[in-house]
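Chemist: My questions concern the predicted model and sequence given below.
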Amino acid sequence: MPISQTKCPKSDIVVTTLGTGTPVYNPLRCSQSILVEAGNFFLLFDTGRGTAQRLIQAGIAPAQIDRLFFTHYHSDHTVGFADFWLGSWLPAGGGRSKPLKVAGPTGVQALIDGHRIAFADDIRMRVVDQKLPLKGAHIEVASHSDCGVLLNQSGLKVTSFETFHGKFIKPNWGYRIDYAGRSIVIGGDSNNDRSVAKIATDADLFFHSVGAADESLLKFPEIAGILQHHTTPQQAGEIFSIASPKIAALIHIVTPSRPGFPTVRLEDIKARTEEFYKGSIIIAEDLMRFEIGDDINIIAPNKTSYGLQIVSTTQAGP
Ligand SMILES: [Zn+2]
Ligand SMILES: [Zn+2]
């Protein structure tokens, strides 16, 4: 699949990978967050580190996001929430005036309640001092103990599904988004869960996480432990083969290492995955844009804008 620089004339769904990384600090890869634009909806899946910054870089004001869905509660999927939520309320983030809708598996209520407590003073001060509308800081939480259809409106359907990430890492969900006959599957973090392949069968775009380390590192229990929570490149290739999506994309690539030991390269992970999947594989990057219509157009990010771009903070307040 060639990666172009030009925009598709007609697309039904546009997906932008805001954060494609892991908990590891990397200015080129924020942690997990994916933006899906379909019809009049702007949906966000996870808010890892740097989510709000990447939204601005993608040309989307944080206040434009209608709904947020969490996959699970590992910090690399949640730590950007406060910045995204409160930033979207400020004029510089678009000045949200209506409540933000947040959904996720059990645990989302506690996550949001904790944020409300932590930032109560900020909200109180900005309401009295800057006259920001209190309603814009409100959050409507939908906590789900079971997965299934979470949104079905105006032709847009968002369905959650359970995936296996680890014995103690529960609940853990992925998402399928359907709109105008197009489908996106966000596999979430998972460890060789073949049920995801079934859900992603014939999807237009299928994101799957992967993890790998140099063989010399596998003797270290902490590295072996991390890899036990993720899908190997071979397994990812097999899952892509079963699903046979139009576009297969690797995201959230976990490459644990130690000083003095080789780090496995992304190209090697891709090549290893390709040994088990005959279609082409994309390695998702921050701010990569997938335009999905009759054709699928993948637009490479402009890397010169990474990290150091100054965004106007007019009226941002203290
Ligand atoms: Zn995780
Ligand atoms: Zn993760």
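Modeler: Happy to help now that I have it. Ligands and ions are numbered 1, 2, ... in the order given.

Chemist: Helix or strand: which one has residue 49?
Modeler: Using DSSP states H and E, residue 49 sits within no helix or strand.

Chemist: scratch that, residue 177 is what I was asking about
Modeler: Per DSSP H and E: strand 173-179 holds residue 177.

Chemist: is that strand up against ligand 2 anywhere?
Modeler: No: contact of strand 173-179 with ligand 2 is not found when judged by C-beta under 5 Å from the ion; the minimum separation is 12.1 Å. Every residue, glycine included, has its C-beta placed from N, CA and C.

Chemist: C-alpha coordinates for the helix or strand encompassing residue 208, CSV please?
Modeler: Element membership of residue 208, judged by DSSP H and E, is strand 205-211. Presented in CSV, the C-alpha positions along strand 205-211 are these (Å, rounded to 0.1, in the frame of the first residue of the first chain):
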residue,chain,number,x,y,z
LEU,A,205,-8.5,-1.0,8.6
PHE,A,206,-7.3,-3.2,11.4
PHE,A,207,-4.9,-1.9,14.1
HIS,A,208,-3.0,-4.6,16.1
SER,A,209,-0.4,-4.2,18.8
VAL,A,210,2.8,-6.2,18.8
GLY,A,211,5.8,-6.9,21.0
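
Chemist: Quick check: buried residues in the following helix or strand past that strand?
Modeler: Counting by DSSP H and E, the element after strand 205-211 in chain order, helix or strand, is helix 221-227. By neighbour count on 16 or more other C-beta atoms under 10 Å, the buried set for helix 221-227 is 223, 226-227.

Chemist: Tell me the one among the residues you listed nearest to residue 65.
Modeler: Of all the buried residues of helix 221-227, residue 65 sits closest to residue 226, with 30.6 Å by C-beta to C-beta.

Chemist: from memory residue 55 sits against residue 65, does it?
Modeler: Yes: using C-beta atoms under 8 Å, residue 55 makes contact with residue 65 at a distance of 7.5 Å.

Chemist: The two: which is more packed in?
Modeler: Using other C-beta atoms under 10 Å as the criterion, residue 55 and residue 65 rank with residue 55 on top: 29 against 25.

Chemist: For burial, what's the neighbour tally of residue 114?
Modeler: Quick note: residue 114 (other C-beta under 10 Å) scores 11 neighbours.

Chemist: Could you check how many residues crowd around the residue of the stretch 101-250 of the chain found nearest ligand 2?
Modeler: At 4.4 Å from ligand 2, residue 189 is the closest residue in the stretch 101-250 of the chain, using C-beta to the ion. Residues lying near residue 189 (other C-beta under 10 Å) number 30.

Chemist: Confirm it sits in a strand?
Modeler: No: looking at residue 189 with DSSP: H, G, I helix; E, B strand; the rest coil, it is coil, so not inside a strand.

Chemist: Pull the contacting residues for it.
Modeler: 71-72, 74, 77, 163, 165, 169, 172, 209, 229-230, 252 (C-beta atoms under 8 Å, 6 or more residues apart in numbering).

Chemist: Take the residues you listed and lay them out in TSV including distance to residue 48, secondary structure and pLDDT.
Modeler: Putting the contacts of residue 189 into TSV (distance: C-beta to C-beta, whole Å; DSSP: H, G, I helix; E, B strand; the rest coil; pLDDT from 0 to 100) gives the following:
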residue	distance to residue 48	secondary structure	pLDDT
71	10	coil	98
72	12	coil	98
74	9	coil	98
77	6	helix	98
163	17	coil	97
165	15	coil	97
169	16	coil	96
172	15	coil	97
209	12	strand	98
229	16	coil	96
230	16	coil	97
252	9	strand	97
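
Chemist: which of those come close to ligand 1?
Modeler: When C-beta under 5 Å from the ion is applied, the members of the contacts of residue 189 adjacent to ligand 1 are residue 74.

Chemist: Could I get the contacts of residue 189 in TSV, plus columns for neighbour count?
Modeler: Output for the contacts of residue 189, formatted as TSV (neighbours: other C-beta atoms under 10 Å):
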residue	neighbour count
71	26
72	23
74	20
77	26
163	24
165	24
169	16
172	21
209	25
229	20
230	23
252	27
